[in-house]
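Asker: generate a structure from the sequence data that follows.
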Amino acid sequence: MAIRTEVGPDTAPIEYRMGRKELLALVSAIMAFTAMGIDLMLSAFDEMRVEFDLGVSSTETSRVVTVFLLGLAFGQLFYGPLADRFGRKRALYAGATIYIIGAIGSALAPTFDLLLASRFVWGIGAAGARVVATSIVRDRFEGAAMASAMSNVMAVFVIVPIVAPSVGALIVAVAPWRMVFWFCVLFAIVIVVWSLRMRESLNPANRRPLRAGVLVQGYAQVARTPVTFGYTMATVFIQASFTTYLASSEILTAQVFDREAQFPVIFGVVAILFGAAAIVNGRVVERLGIDRVVNRGFLTIGICLTALVLLTVLSDGTPNFWLFMPLIGMTLSSFMFLMPNLNSAAMTPLGEIAGSGSALTGAVRVGAGAVLGGYFSEQVATSVTPLVVGITLMTALAALSVWLVRMGGLRELLVSGSQRSPVSSHLR
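Answerer: As a prediction, the model looks like this:
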């Protein structure tokens, strides 16, 4: 069913083939390019260690995740301007092509170094999907409605982390482990075919020329916007917490808790908590407003982290599985009351440069998050201490970033005397 929606106060309505539900389902699937490129691999880490002679308990396999995320960060800087110039769909198709090339290269890689190189290319391809998905939501929704839409997207998209490790384990059990890469190739092709139903969401009036000066100006405008800068820094630290857990989850389950065979189930249960939190956030954020939901999210995380730190100290880094996993699951899922809301708040002032804004903020968030999370995840071998320390530190820095935005501490730093970017510390 075609619907008509306004893309801005001064523009004519645009007709779309897709209704809200199908559009959000497609955007979720586009966002899942990233999750498929990560979560499906986790169950094959043991086979990678054997194939590339890395050692039974090697943490080097975590680089398969962090290198992909670095490619994801790097690529977004280019897809943003492309999406603002040529439209969301063309940027999506360019990214999907590189995504498929990277996945095929990974499937054929004869050495671990070439696998990592292919994973970097793969991440660059996934960046196109990430930028396009965020830009489409920004084109179609605003403010708290955008935060609600993003939460609904993430709630559907979180099904992938629930299912992917089990699918990966099944593939590894019945076929060569490299088939997990070919499965991602097939997934990308299916989503591209589905996206043919979607009409372009970028209003022609908002197309930006693809010139170096314009790109630099757009990125500078994004970087000088205090709300965008501050909330993006907060999401960097939240992303680092996710990456720390994601990259270390397999070694944590196998080496610390000796539950390697149960990894897909354990990972899936934690992902279910993510999805539940995203659904709740999507329902309450329009009623309570972003600030109040974020405040309650930080409060919940603080309580959970206090319990995690005490448990970790008292157990000398090897806590009881049945005490630790529910706490870490509740902590990580509570970040779903922060990430979509802070991301939406960061994008709100950007309007006509949503593509460039999505690109720069996404690149900074994923890139810096990958570096920080990669460092802490490689420390996780026989103890949960590095994981808990990393998440606690990152949460404190995220809270500090939000506080600085609300107190106006970043305005004077980023905006000099003349015209200032529109800032609202209370987005409702």
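Asker: which regions of the stretch 301-428 of the chain sit below the pLDDT cut-off?
Answerer: 351-355, 409-428 (pLDDT under 70).
Asker: just the helices in it please.
Answerer: Remark: helices assigned in the stretch 301-428 of the chain by DSSP state H, counting those that start in this stretch are 321-334, 339-347, 354-377, 385-406, 411-414.
Asker: save the ones you listed as TSV, and put in distance to S201 and mean neighbour count too.
Answerer: Glycine gets a C-beta too; all of them are placed from N, C-alpha and C. Shown next, in TSV, are these (distance: least, C-beta to C-beta, whole Å; neighbours: other C-beta atoms under 10 Å):
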stretch	distance to S201	mean neighbour count
helix 321-334	30	19
helix 339-347	15	27
helix 354-377	10	25
helix 385-406	28	20
helix 411-414	29	15
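Asker: got those as JSON lines, with distance to R178 columns?
Answerer: As requested, the helices of the stretch 301-428 of the chain are exported to JSON lines (distance: least, C-beta to C-beta, whole Å):
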{"stretch": "helix 321-334", "distance to R178": "30"}
{"stretch": "helix 339-347", "distance to R178": "32"}
{"stretch": "helix 354-377", "distance to R178": "24"}
{"stretch": "helix 385-406", "distance to R178": "29"}
{"stretch": "helix 411-414", "distance to R178": "47"}
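Asker: the ones you listed: which one's closest to R119?
Answerer: helix 354-377 (11.8 Å; C-beta to C-beta).
Asker: against which helices or strands is that closest one packed?
Answerer: On a contact count with 3 or more C-beta pairs under 8 Å, 6 or more residues apart in numbering; DSSP states H and E, helix 354-377 meets helix 63-86, helix 112-140, helix 212-224, helix 226-251, helix 339-347, helix 385-406.
Asker: which of those helices sits closest to I30?
Answerer: Of all the helices and strands packed on helix 354-377, helix 112-140 comes closest under C-beta to C-beta, at 4.5 Å.
Asker: quick one: the closest one to helix 339-347, angle?
Answerer: Inter-element angle recorded for helix 112-140 and helix 339-347: 70 degrees (by axes from the mean of the first three to the mean of the last three C-alpha atoms, to 10 degrees).
Asker: now do the buried residues in helix 112-140.
Answerer: Residues of helix 112-140 classed as buried: 112, 115-140 (neighbour count, 16 or more other C-beta atoms under 10 Å).
Asker: so for the helix or strand where L170 lies, mean pLDDT?
Answerer: Assigned by DSSP states H and E, L170 belongs to helix 159-174. Helix 159-174 carries an average pLDDT of 82.
Asker: helices or strands up against the next helix-or-strand element following that helix?
Answerer: Next helix or strand after helix 159-174 toward the C-terminus (DSSP H and E): helix 179-195. On a contact count with 3+ C-beta pairs under 8 Å, 6+ apart, helix 179-195 meets helix 20-39, helix 88-108, helix 159-174.
Asker: can I get the ones you listed in a markdown table with mean neighbour count and distance to I189?
Answerer: Listed next are these as a markdown table, based on neighbours: other C-beta atoms under 10 Å; distance: least, C-beta to C-beta, whole Å:
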| stretch | mean neighbour count | distance to I189 |
| --- | --- | --- |
| helix 20-39 | 22 | 12 |
| helix 88-108 | 21 | 7 |
| helix 159-174 | 19 | 17 |
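Asker: which one of the ones you listed lies closest to M146?
Answerer: Of all the helices and strands packed on helix 179-195, helix 20-39 sits nearest to M146, with 11.8 Å by C-beta to C-beta.
Asker: please work out the average pLDDT along that closest one.
Answerer: Taken as a whole, helix 20-39 has an average pLDDT of 85.
Asker: next: stretch 52-61.
Answerer: Rounded mean pLDDT across stretch 52-61 is 80.
Asker: name the residues that touch it?
Answerer: Identification of contacts with stretch 52-61 by C-beta atoms under 8 Å, 6 or more residues apart in numbering yields 45, 48-49, 111-112, 115, 248, 250-251, 254-255, 377-378, 380-381.
Asker: out of the residues you listed, the closest to A271 would be?
Answerer: Nearest member of these to A271, counting by C-beta to C-beta, is E250, at 13.9 Å.
Asker: check contacts around that closest one.
Answerer: 42-43, 45, 61, 263.
Asker: name the member of these with the most neighbours.
Answerer: Across those, the neighbour count under other C-beta atoms under 10 Å reaches its highest value at F45, namely 26 neighbours.
Asker: before we move on, back to that, between the helices of the stretch 301-428 of the chain, which one is nearest to L215?
Answerer: Here helix 354-377 is closest among the helices of the stretch 301-428 of the chain (C-beta to C-beta), at 7.3 Å.
Asker: follow-up on the earlier one: got the helices and strands packed on helix 179-195 as TSV, with distance to L310 columns?
Answerer: Below are those laid out as TSV (distance: least, C-beta to C-beta, whole Å):
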stretch	distance to L310
helix 20-39	30
helix 88-108	41
helix 159-174	28
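Asker: between those helices, which one is nearest to S358?
Answerer: For those, the distance to S358 is smallest for helix 88-108, at 10.3 Å, taking C-beta to C-beta.
Asker: average model confidence for the closest one?
Answerer: Throughout helix 88-108, pLDDT has a mean value of 93.
Asker: tilt between that helix and helix 63-86?
Answerer: With the same axes, to 10 degrees applied, the angle from helix 88-108 to helix 63-86 works out at 160 degrees.
Asker: show me what helix 88-108 is packed against.
Answerer: Packed next to helix 88-108, using 3+ C-beta pairs under 8 Å, 6+ apart, are helix 20-39, helix 63-86, helix 112-140, helix 179-195.
Asker: with distance to M339 added, can I get those helices in CSV?
Answerer: Shown next, in CSV, are these (distance: least, C-beta to C-beta, whole Å):
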stretch, distance to M339
helix 20-39, 12
helix 63-86, 15
helix 112-140, 12
helix 179-195, 23
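Asker: and of these, who's closest to L215?
Answerer: Closest among the helices and strands packed on helix 88-108, using C-beta to C-beta: helix 63-86, at 5.1 Å.
Asker: show me what that closest one packs onto, helices and strands only.
Answerer: Contacts defined by 3+ C-beta pairs under 8 Å, 6+ apart place helix 63-86 against helix 20-39, helix 88-108, helix 112-140, helix 212-224, helix 226-251, helix 354-377.
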